[in-house]
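Q: with the sequence up front, the predicted model follows.
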Amino acid sequence: MAYKVMLIENNRVMLERLSSVIRGIDNYELEARFQQSGDALGQGAMYKPELILLDIDSGHNLALIPEFASVYPNAAILCLSSNWDPQNAAKMVQFGAKGYLIKPFTAKEFMEAVDTFGKTGMAASSETLAFFSPKGKSGKTTLIANLALSLARKSGEAVGVIDADLQFGDMSVFFNLSPQSTIVEATRDIKFLSPITLNSYFMEVPEVDKMRILCGTKKPDYAELVDIENFEELVKMAQSLFRYVLIDLPPGVNPISISAAELYTKTYMVSMISGGYEILHVKRALEIFKAWPNVEEKLRPVFTRVSPCEETQKRWLSQEIKFPVHAIIPNEYLMVSAAANDGRMAVENKSGSQFAENINRMADDIIVRRSGGSL
């Protein structure tokens, strides 16, 4: 049986163009179409649509979404617009729409939108987690890769990873990916993208259908091609696609990590313990972030390769940096490396290890806090 579609589009030329696209798609039937939303609300009930495509370029149509949801309780609503607007996107989700599609669209883009947003809808709220380290070789990428996988497995919700370590990001190596498009192309094209087209720049992770990765630059000198304002727009759009967005930032204080800091729900400062200097580096970095009025809520220090990885060591580190340490990760370098060489993450390959247990505990904390609960 064909899937019944109702189309509301104010512009007559665009109405004809979109109608032609829908009619050419197998298993979809354009049951009704209107130029005026009032006519659709008054006359369309007899058609019993299962999918409503609602033009919101006419400002009043955005406010009518709750009424459409009430009149057509069994229909999913996808909003149509000629350009992406994050404020309108946030409002339409609050009002009850499922997704956002830029017009004109192709049959492929239409099908991807239905498939992507039909299952879970756009994210009404996204937990955006940034990972920063004062210096390199902190274990940050290992932490992100394993934590993202744990979040996807435990929450069952969409998780997106953005490799913004612009010169030496290697998230693609962790998951054996060969990207055609990277953060360079995504930031270059962002002004012309919508959530559904941006989604195609993220790569699927084999055997993990809820996790996608936007890979880093292919060469270090490509880092200068990533515009900061476009990067911020990319993050905002990704927030509508994924319930959890994890961003791997370059080490050190830089324009990417500072200018976009307010976009992040939490910033994890990751440092590896291999001597005394790391504690000094963390203390210096803390002086920068302490300018935030809510620093203890937003900033979460994490130490990796901690041995012994015990609560007493965590308390000692908190005392040393004079700031609460959020988590400590044990020194399991050989085990993590062996798992990565097998093309797997340690949280799956060695699920009973202390490393996996500590990562999973971090994931539980993120999931619980996002849902408004407490541990």
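A: Sure, I can see it. Everything quoted here is computed from the prediction, not taken from an experiment. Numbering: from 1, shown residues only.

Q: for the stretch 101-250 of the chain, just list every one of the helices.
A: Ranges of helices within the stretch 101-250 of the chain are 107-120, 140-155, 171-174, 183-189, 195-199, 228-241, based on DSSP state H, counting those that start in this stretch.

Q: so which of these gets nearest K266?
A: helix 140-155 (11.8 Å; Cβ to Cβ). Bear in mind the C-beta positions are built from the backbone N, C-alpha and C, glycine included.

Q: and that closest one, what's buried?
A: 140-153, 155 (16 or more other Cβ atoms under 10 Å).

Q: domain map for this structure?
A: Per the record, the chain has its domains at 3-120, 127-370, by automatic domain parsing.

Q: will you turn the ones you listed into a markdown table that also has mean pLDDT?
A: Converted to a markdown table, the domains of the chain look like this (pLDDT from 0 to 100):
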| stretch | mean pLDDT |
| --- | --- |
| domain 3-120 | 88 |
| domain 127-370 | 84 |
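
Q: give me whichever of the helices of the stretch 101-250 of the chain is most buried.
A: Among those, helix 140-155 has the highest mean neighbour count (mean count of other Cβ atoms under 10 Å), at a mean of 24.

Q: list the buried residues for stretch 82-100?
A: For stretch 82-100, the neighbour count (16+ other Cβ under 10 Å) marks 84, 88-93, 95-100 as buried.

Q: list the buried residues of stretch 267-277.
A: Of all the residues in stretch 267-277, those buried under the rule 16+ other Cβ under 10 Å are 267-273.

Q: can you pull up the most central residue in this protein?
A: In the chain, the residue lying closest to the centroid (Cα atoms, centre = their mean) is V245, at 3.3 Å.

Q: ok so, going back, now, the buried residues of stretch 82-100 that are in helices?
A: 88-93, 95 (DSSP state H).

Q: next, format those as CSV and append distance to N27.
A: Listed next are these as CSV, based on distance: Cβ to Cβ, whole Å:
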residue, distance to N27
N88, 30
A89, 28
A90, 31
K91, 31
M92, 26
V93, 26
F95, 28
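
Q: which one of the residues you listed is nearest I183?
A: Distances from I183 to these, taken by Cβ to Cβ, are shortest for A89, at 21.1 Å.

Q: distance of the closest one relative to E233?
A: A89 is 12 Å from E233, where distance means Cβ to Cβ, to the nearest Å.

Q: next: R23.
A: Separation of R23 from E233 (Cβ to Cβ): 34 Å.

Q: what's the answer for E9, then?
A: For E9, the distance to E233 - Cβ to Cβ - is 26 Å.

Q: separation between the closest residue to the residue nearest to the centre of the chain other than its chain neighbours and F289?
A: In space, and not counting its chain neighbours, V245 is closest to T128: 4.6 Å by Cβ to Cβ, 6 or more residues apart in numbering. Separation of T128 from F289 (Cβ to Cβ): 16 Å.
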